[in-house]
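Asker: What follows is a predicted protein model with its sequence.
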Amino acid sequence: MRFSKRTEWDTEESELARAHGERLAAGLPNADLTASNPTRCGFDYPHDLLAPLTDPAAYDYDPNPRGSLRAREAICRYYGAQGVEVVAEQILLTTSTSEAYGYLFKLLCDPGDRVLVPQPSYPLFDFLARAEAIELASAPLVYDHGWQLDLEGLRRQITASTRAVVLVHPNNPTGHFTKLAEARELEAICREHGLALIVDEVFLDYGFEGDAEAAGDRSSFAARGLDIPVFIVSGISKICALPQMKVAWLIAAGPGCEEALARLEVVADTYLSMNAPMQLALPVWLEERAGIQSQIRDRVQSNLAEMDRALAAQAAADAGVIINRLRVEGGWYAVLRIPATQPDEITALELLEVGVLVHPGYFFGMGSSGWLVVSLLARPSEFSVGISELFGYFHRNHGSYL
């Protein structure tokens, strides 16, 4: 049997994943500092969370390729609570942001066309692009007193086949927001080259470490009024901490959005993947989001403070160990800059031997050495143990880092 080249995935398990599995099978202690599934991190969900799924209206099959009006109006209220005006006609429901990306790549690209994606970022885009038979290139991020777009680097990646730029706002894992000034410069670049802008805002509700003056920089792109085609994707996997419920959406704004939505409606009508019970439950879950969001914000900021205390103590105990926690403005992760004396996967494997699981930076498209990524979502007791062991590892091995 012949298979398509687009499904020739590299599915070989990494040495780190294999070692972690063996450690779990052996029942050895493990502080998971990669935890990103909120349903397994000890948060309290409403006892009647599943009640909206029993709405008898779900017995009726009333397909709408854009999703039910009731569900889309609930999304409008979600944005309205942030002072952002979105109308139901701009919205199309999907089962996931991955599906939304798939729809948008179908809309904007022919096979072989190019899309620019942020680097570093979560490695989802590689699989989505290959499935849609398109190519990816880097929209590079640089760190200089905070993360920012390398706009000239991005401009150099644009070719005649480039069709869109993807942003994640705030980015995963760097946790930085795309600032208003950057957005305006990016708008000019997109207009010059006829590019669409796709903005992933799943972590939008989880901003921190800022002041009132920065509020505009953390606003949704739906409120920025850019004069280019803009497509915003989001969903309840983060907004309501319900990744298992598979409800997401895309919003079209800017010039050409009416024709874009008409074409997207045909794509959605072809798949008809959104189910009735989830659409009926969405308004309830969005209305109740504040409870889980406050728990997550408290957890993330508490763990970040614990990390900073440990960093300060480590620096005081051993000035020769150079580890920096890079500035983060939102999301669920923190990036650590470590001495680049060996491949990060080796460091991660050695940390696993002392019971700590972390992401090596290359997993997110960073360099092969000098970076670790830590989740801030873990239970506080597990996080505290993991961070203590992590810095203890560097303290014990600091001779090789000098």
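Answerer: Arrived safely.
Asker: got any ranges where the stretch 201-350 of the chain has weak pLDDT?
Answerer: 209-214, 318-321 (pLDDT under 70).
Asker: Near Gln342, how many other residues are there?
Answerer: Gln342: 15 surrounding residues under other C-beta atoms under 10 Å. (Glycine included, C-beta is placed from N, CA and C.)
Asker: now swap in the one 5 residues further on and tell me
Answerer: The criterion is other C-beta under 10 Å. On that basis, Thr347 has 25 neighbouring residues.
Asker: Start at 357, not 1
Answerer: With the count now opening at 357, the last piece we talked about shows up as Thr703.
Asker: That one reaches Gly717, doesn't it?
Answerer: No - if you go by C-beta atoms under 8 Å, Thr703 and Gly717 don't touch, sitting 9.7 Å apart.
Asker: what's the overlap in contacts for these two?
Answerer: Common neighbours of Thr703 and Gly717, counting by C-beta atoms under 8 Å, 6 or more residues apart in numbering, are 725, 728.
Asker: so which strand or helix has the residue nearest to Tyr627 when sequence neighbours are not counted?
Answerer: Once flanking residues are discounted, Tyr627 sits nearest to Glu455: 7.8 Å by C-beta to C-beta, 6 or more residues apart in numbering. Glu455 is part of helix 453-464, with elements assigned from DSSP states H and E.
Asker: and the closest residue to Asn753 other than its chain neighbours, how many neighbours?
Answerer: Closest residue to Asn753 apart from its sequence neighbours, by C-beta to C-beta, 6+ apart: Glu706 at 7.9 Å. By other C-beta under 10 Å, 13 other residues sit near Glu706.
Asker: Quick check: phi and psi at Glu706.
Answerer: Glu706 adopts backbone torsions of phi -70, psi -40, taken as degrees, to the nearest 10.
Asker: how about the lengthiest helix in the chain: buried residues?
Answerer: The longest helix of the chain (DSSP state H) is helix 645-673. Neighbour counts using 16 or more other C-beta atoms under 10 Å place 645, 648-649, 651-652, 655-656, 659-660, 662-663, 666-667, 670 of helix 645-673 among the buried residues.
Asker: Which strands and helices lie in contact with that helix?
Answerer: Using 3 or more C-beta pairs under 8 Å, 6 or more residues apart in numbering; DSSP states H and E, the elements in contact with helix 645-673 are helix 592-595, strand 680-681, helix 736-752.
Asker: try 6 Å this time
Answerer: Packing contacts for helix 645-673, counted by 3 or more C-beta pairs under 6 Å, 6 or more residues apart in numbering; DSSP states H and E, involve helix 736-752.
Asker: what are the C-alpha coordinates of the helix it packs on, in CSV please?
Answerer: Listed next in CSV are the C-alpha coordinates belonging to helix 736-752 (Å, rounded to 0.1, in the frame of the first residue of the first chain):
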residue,chain,number,x,y,z
PRO,A,736,2.5,23.5,44.4
SER,A,737,4.0,20.7,46.5
GLU,A,738,5.2,18.9,43.4
PHE,A,739,6.5,22.1,41.8
SER,A,740,8.4,23.1,45.0
VAL,A,741,10.1,19.7,45.1
GLY,A,742,10.9,19.8,41.4
ILE,A,743,12.4,23.2,41.4
SER,A,744,14.4,22.4,44.5
GLU,A,745,15.8,19.3,42.8
LEU,A,746,16.4,21.2,39.6
PHE,A,747,18.5,23.9,41.2
GLY,A,748,20.2,21.3,43.4
TYR,A,749,21.3,19.5,40.3
PHE,A,750,23.0,22.7,38.9
HIS,A,751,24.6,23.4,42.3
ARG,A,752,26.1,19.9,42.5
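Asker: Helices of the stretch 557-706 of the chain, residue ranges please.
Answerer: For the stretch 557-706 of the chain, applying DSSP state H, counting those that start in this stretch gives helices covering 592-595, 613-627, 632-643, 645-673, 700-709.
Asker: and the residue nearest to the spatial centre of the chain, what helix or strand is that in?
Answerer: Computing the C-alpha centroid of the chain and ranking residues by C-alpha atoms, centre = their mean puts Asn528 first, at 4.3 Å. Following DSSP H and E, there is no helix or strand that holds Asn528.
Asker: give the contact list for it.
Answerer: Asn528 makes contacts with 478, 687, as judged by C-beta atoms under 6 Å, 6 or more residues apart in numbering.
Asker: repeat that for 8 Å
Answerer: 477-478, 558-559, 687-689.
Asker: Next step: the residues you listed restricted to strands.
Answerer: If you go by DSSP state E, those have Tyr689 in strands.
Asker: Need the max-distance pair from the contacts of Asn528.
Answerer: Across the contacts of Asn528, no pair lies farther apart than Ser477 and Trp688, at 14.0 Å, counting by C-beta to C-beta.
Asker: Looking at those two, which is more packed in?
Answerer: Each of Ser477 and Trp688 has its neighbours counted (other C-beta under 10 Å); Trp688 has more, 25 against 22.
Asker: pretty sure the more buried one is touching Val656, no?
Answerer: Yes - counting by C-beta under 8 Å, Trp688 touches Val656, with 6.0 Å between them.
Asker: Now for the two: what residues contact both?
Answerer: Common neighbours of Trp688 and Val656, using C-beta under 8 Å, 6+ apart, are 562, 732-733.
Asker: My read is that Ser740 contacts Met663, right?
Answerer: No - Ser740 lies out of contact with Met663 (C-beta under 8 Å); the separation is 9.4 Å.
Asker: tell me the strands in the stretch 407-556 of the chain, going along the chain?
Answerer: Along the stretch 407-556 of the chain, the segments classed as strands by DSSP state E, counting those that start in this stretch run 447-450, 470-475, 491-499, 503-505, 518-524, 552-556.
Asker: So which of those strands is nearest Asp625?
Answerer: Among these, the nearest to Asp625 by C-beta to C-beta is strand 447-450 (10.4 Å).
Asker: what's that closest one packed up against?
Answerer: Against strand 447-450 (3+ C-beta pairs under 8 Å, 6+ apart) you get helix 425-436, helix 453-464, strand 604-609, helix 613-627.
Asker: repeat that for 7 Å
Answerer: helix 425-436, strand 604-609, helix 613-627 (3 or more C-beta pairs under 7 Å, 6 or more residues apart in numbering; DSSP states H and E).
Asker: That one pairs with which strands, and in what direction?
Answerer: Take DSSP bridges as the rule and strand 447-450 pairs in its sheet with strand 604-609 (antiparallel).
Asker: Perfect, that will be all.
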